[in-house]
Structures are given as structure tokens and as C-alpha cells.
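Colleague: Sharing a model prediction with you, sequence too.
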Amino acid sequence: MRSRNPVFSRRGFSRDNGYAGFNAAPQAGGPAVGTQQGNPYAQGGPAAQPAGNPYAQNPYAQQDVQYGAPQAPVTTGVMTMDDVVARTATTLGTVVVTAVLSWLLLPVDEANLGKSYAIGVGAGLVAMVLALVQSFKRRPSPALILSYAALEGVFLGVISSAVSTYIADGVVAQAVLGTMAVFAGVLVAYKAGWIRVNRRFYGFVMAAALGFVLLMAVNLLFSVFGGGDGLGFRSGTLGIVFGVIGIILGACFLALDFKQVEDGIAYGAPREEAWFAAFGLTLTLVWIYMEFLRLLSILNSSD
């Protein structure tokens, strides 16, 4: 399920079938999850089976030694929750390690602020390019994703260190805790069924996110060429409002990420798609962290 909005690099688990779970989701009275008719991966992949005997022509089917009956097929090469957790931990771990190293090795005191800031912003720009490249690739590239994570970590480390040094000492810890709280809250709400991710939800989130990004881009252009805070969307009362909106959008993207993972596992996505899941979750968590950091910075600067 590949998003039509490349800005947020939403990648999912489809093979040109639209948005898995929306176009191909099982409906009441329709084909069940895991069947060839309702499965976007049942096109020659590991989940594809002939219409008759589900074990026919299955290289993983084994004969029971004692009774000679075919056992349940061994599902190999299919994405599992363990795959998603492992790759997400690897990607997020890379972000955290490089962020800590950049915090320690790139000081932001008055003598080194310019150099460290240039390195951090440069790393962030390259990370953004790598993220866009990966978002348009049909297959995940672990090297590309981990390179993005490493460079994103450098950027976050420098920015976080500068905010902690010049604005408020405890802001970074608060932003991390806030990000973790949003992740846990959305996960609980999604598993409890309080959040229903469907086509309407997806369309609303993507439209709202596109409008949000366009407004922030205009604000950035005004601040670069006009000086000051641009249109004021990132400072004062408006900055607080847009910070809250940014966090809510991040929470909505987490719900989309969870839906992508759930559908990918249910439909038997290839194991390599777990890298897409890790990539999407990392992008979303970085987004939420940055919005928390920006919001808390505004709140502390106005005290």
C-alpha cells in the first residue's frame, strides 16, 4: 500500500493493488484474509496457492512420517511481527546511537555552534533526500534505510543539544517521553478498536498532512526571505496550535503504520517488507519527536 503523498514517504505492502486493507480488505461475506481471492500477495508469492488442494505444488508441504498426510505448510519468507520489531529496533537504534554520538562529539557552545549546526543541518538534508529516494523505490534497501537513520540521528542530536543548551535543559527528555506516550497511547487505542483505519481516515489524514506541510513550507519561505518568524506559524500562540496539530497528525500516521503492519502480516507480505514497516515507523516517530521538541521550546521560551 504505497501512499500517494511522497512527502511523508508512506510505504506499505501492495503489488499495484492500491492501498492494502482499503481496496483489498476482506469485507463481510467476502473472501477471508489469507485466501487467494482477497490476498494482494497471492500472485506467485509465498502465500499463493492453487484453488483446490492448498498443499498442491507447495514446496514447504511435508508428509507426515507416521500417517502419510500432509502437514500444515511451513511459512518461510513471509513477514512476521518479529521481523517488524527486529528491523524497527535496528533502525531506531541507529537513530538513537548517532544522535547520542553527535550530541557528544559536536558541541554547540559559542565557539563550535556554527560548525556543528552546519554538520547537523547538512546531515538532515541528506537524510531527507535518502528518505525520498527510498519512498520511490519499489523494494526496500536496508543500506539506504540505515543510512537515513544514521544521518537523521546526527541531525536530531545537534538540534536537541542546541535546544537543551539555549532554551531549556529538560526539553529533550520531555519530548522523548511525549513521543513514547503518543506511541503507547495510539497502539492501545488501535488494538482496542477505538481507532478505525479505513479509506476515509486515510484520505482525511493525507489531505490534512498535505495542507499542514504546505503551510509550514510557506512559513519557512517567508522566514528565509522576509526574516523573523515568517507568518508566525512556529512561534507564539499560533506556534503552539500548529505544534499540537503536528503531534495529532503524527499520531494519525502511527495508526496508518499499525494498519500497514497488520495487513502485511495478514496477507503474507514478503519478509523484506518489514524494512518498509521499520522505515515508516521511524519517520513517524521522528516527526512526533520534532513536533514535541518544537512545541516545548515555544512553551519554555514564552515563560
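Modeller: It's in. Numbering: from 1, shown residues only.
Colleague: CA atoms for contacts and neighbours, from now on please.
Modeller: Fine.
Colleague: Quick check: the gap between residue 251 and residue 244.
Modeller: Distance, residue 251 to residue 244, using C-alpha to C-alpha, to the nearest Å: 11 Å.
Colleague: higher neighbour count, the two?
Modeller: Neighbours around residue 251 and residue 244, counted as other C-alpha atoms under 10 Å, are more numerous at residue 251. The numbers are 22 against 16.
Colleague: Spit out the contact partners of that one.
Modeller: By C-alpha atoms under 8 Å, 6 or more residues apart in numbering, the contact set of residue 251 is 182-183, 186, 288.
Colleague: Identify the spatial nearest neighbour of residue 261, chain neighbours not counted.
Modeller: The shortest distance from residue 261 to any non-neighbouring residue, by C-alpha to C-alpha, 6 or more residues apart in numbering, is to residue 277 (6.3 Å).
Colleague: Give the helix, strand or coil label for residue 268.
Modeller: The local conformation at residue 268, judged by DSSP: H, G, I helix; E, B strand; the rest coil, is coil.
Colleague: What does it show for phi and psi?
Modeller: Note on residue 268: its backbone torsions stand at phi 70, psi 50 [degrees, to the nearest 10].
Colleague: Going by neighbour count, which residues of the least confident helix or strand in the chain by mean pLDDT are buried?
Modeller: Lowest on mean pLDDT, DSSP states H and E among the helices and strands of the chain sits helix 199-226, with a mean of 88. For helix 199-226, a neighbour-count test (16 or more other C-alpha atoms under 10 Å) marks 202, 205-206, 209, 216, 219-220, 222 as buried.
Colleague: okay, these in JSON lines with distance to residue 231 next?
Modeller: Shown next, in JSON lines, are these (distance: C-alpha to C-alpha, whole Å):
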{"residue": "202", "distance to residue 231": "29"}
{"residue": "205", "distance to residue 231": "24"}
{"residue": "206", "distance to residue 231": "23"}
{"residue": "209", "distance to residue 231": "19"}
{"residue": "216", "distance to residue 231": "9"}
{"residue": "219", "distance to residue 231": "5"}
{"residue": "220", "distance to residue 231": "8"}
{"residue": "222", "distance to residue 231": "7"}
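Colleague: and the residues you listed, which two are the farthest apart?
Modeller: 202 and 222 (30.4 Å; C-alpha to C-alpha).
Colleague: ranges for the helices of the stretch 51-200 of the chain?
Modeller: 81-105, 113-136, 142-166, 171-191, 199-226 (DSSP state H, counting those that start in this stretch).
Colleague: Can I get the ones you listed in TSV including distance to residue 272?
Modeller: Converted to TSV, the helices of the stretch 51-200 of the chain look like this (distance: least, C-alpha to C-alpha, whole Å):
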stretch	distance to residue 272
helix 81-105	9
helix 113-136	14
helix 142-166	9
helix 171-191	23
helix 199-226	24
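Colleague: Give me whichever of those helices is most buried.
Modeller: helix 142-166 (a mean of 22; mean count of other C-alpha atoms under 10 Å).
Colleague: just flag whichever of the helices of the stretch 51-200 of the chain has the lowest average confidence.
Modeller: If these are sorted by mean pLDDT, helix 199-226 sits at the bottom with a mean of 88.
Colleague: now that one, how far from the chain's geometric center?
Modeller: Helix 199-226 sits 18 Å away from the centroid of its parent chain (C-alpha atoms, centre = their mean, to the nearest Å).
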